[in-house]
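Colleague: Next one to model:
(one chain, ligands or ions: 1)
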Amino acid sequence: MSQAKPQKRIPATVVTGFLGSGKTTLINYLLKEQRDKKVAVIVNEFGEIGIDGQIVVEEDNEQLVEFNNGCLCCTVRDDLVKTLISLTQRTELDAILIETTGLADPAPVASTFFVSDEIKPSIKLDAFITVVDACNLERSLAGSHEAQEQVAFADVILINKTDLVDAEELASVEQKLRSLNPLAKIHHTQNSVIDPALILGVGAFELAAKLEVDPTFLEDLDHEHDAEVGSFALSSEQPIDINKFMIWMNDVAMEKGEDLYRTKGLFYARGFSERVLFQSVRMLTSMSRDRQWKPDEAKRSDFVVIGRNLNRDEFSEGFHKCVVAG
Ligand SMILES: Nc1nc2c(ncn2[C@@H]2O[C@H](COP(=O)(O)OP(=O)(O)OP(=O)(O)O)[C@@H](O)[C@H]2O)c(=O)[nH]1
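Modeller: Next up, the predicted model:
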């Protein structure tokens, strides 16, 4: 009897970053480097004419380009879902790249992948890549909420235009980014040149991979800084009542959705033989079973919270109320 072939889920990579940071340069570079692959590109721009789309098309007609006029984060999320569905039906794709406008709020784009049952079986959000202009980071962050969110949401950050800053400035840019997003992988680039393997097919949920390599990774995560956007980690070695946690976090997400950008956690949950993965994007929360705990592994829960003006003590209190009393 022949077995049904499991459906391959196409990885989708969202490229975000502030105006002029080097997103189109990156997409073009990736297309050139991936000539042997079938890659679809969705370019999202304000305005009637898709300039970036025209720049991206180049001469290679193996690759598909779709346009959305308007901003992905506000008006055209339905269009994004429709475009993604049509892409999966049209051809066997190896990857999808989505370039957002420099002014995009990343949360609604991310949430598209969480909420749409139509695209979930065939497309997976692989990673959020945020391209940062090393020369203009401070200015962009100061002037734009979206720029802060793009950094806070990133799974991978490219500090681009390194040719325009000296080593000291570069170190300070990196420190600033780290304080806003301690989880993201950071790479330095010039003209967005990077090994595609470092940004494509990396898996959006970086926390699990990082903890495999370094279980103490989250221990130094608390940062004291003035920025409105920040992050902290909460941990416990005692089991968590995951139902209680979900109820609490759903309430918190509803109440603070505007300021709670993103959370990610791996939990030692009572009654589960697997690690439990929880993440949220603004008001949307999701939970799933991860791999089995290994026999020699110390069970623990680590939960990372990224957002604006969040009170760590309040979160810590709520979190520790979900710890099962020993
Ligand atoms: N000096 C320097 N210029 C760069 C680098 N990377 C990109 N640029 C230039 O920066 C400008 C903007 O690059 P784009 O790739 O169009 O930036 P973008 O993020 O797509 O811009 P928007 O679509 O406006 O948001 C272009 O003129 C690029 O050639 C770099 O590493 N160094």
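
Colleague: And the pLDDT at the residue lying closest to Ser301 once chain neighbours are set aside?
Modeller: Leaving aside its sequence neighbours, Ser301 sits nearest to Phe267 (C-beta to C-beta, 6 or more residues apart in numbering; 4.3 Å). From N, CA and C alone the C-beta is placed, and that goes for glycine too. Listed pLDDT for Phe267 reads 93.

Colleague: For Phe267, which residues are in contact?
Modeller: Listed by C-beta atoms under 8 Å, 6 or more residues apart in numbering, the contact partners of Phe267 are Ile240, Ile242, Phe245, Arg275, Val276, Leu277, Phe278, Ser301, Phe303.

Colleague: Just flag the most distant two among those residues.
Modeller: Farthest-apart pair in those is Phe245 and Arg275; separation 13.8 Å (C-beta to C-beta).

Colleague: Which element, helix or strand, includes the residue nearest the centre of the chain?
Modeller: Nearest to the mean C-alpha position of the chain, by C-alpha atoms, centre = their mean, lies Phe128 at 3.7 Å. Using DSSP states H and E, Phe128 falls within strand 123-133.

Colleague: Direction included, what does that strand pair against?
Modeller: The pairing partners recorded for strand 123-133 under DSSP bridges are strand 10-17 (parallel), strand 156-160 (parallel).

Colleague: quick one, what contacts Asn250?
Modeller: Thr285.

Colleague: C-terminal to the strand or helix carrying it, what's the next element?
Modeller: Taking DSSP H and E as the criterion, Asn250 maps to helix 242-256. Next in sequence after helix 242-256, counting helices and strands by DSSP H and E, comes strand 260-267.

Colleague: Just want the angle from that next one to helix 242-256.
Modeller: 170 degrees (axes from the mean of the first three to the mean of the last three C-alpha atoms, to 10 degrees).

Colleague: Enumerate the positions of strand 260-267 that are buried.
Modeller: Of the residues in strand 260-267, those buried by neighbour count under the rule 16 or more other C-beta atoms under 10 Å are Leu260, Tyr261, Arg262, Thr263, Lys264, Gly265, Leu266, Phe267.
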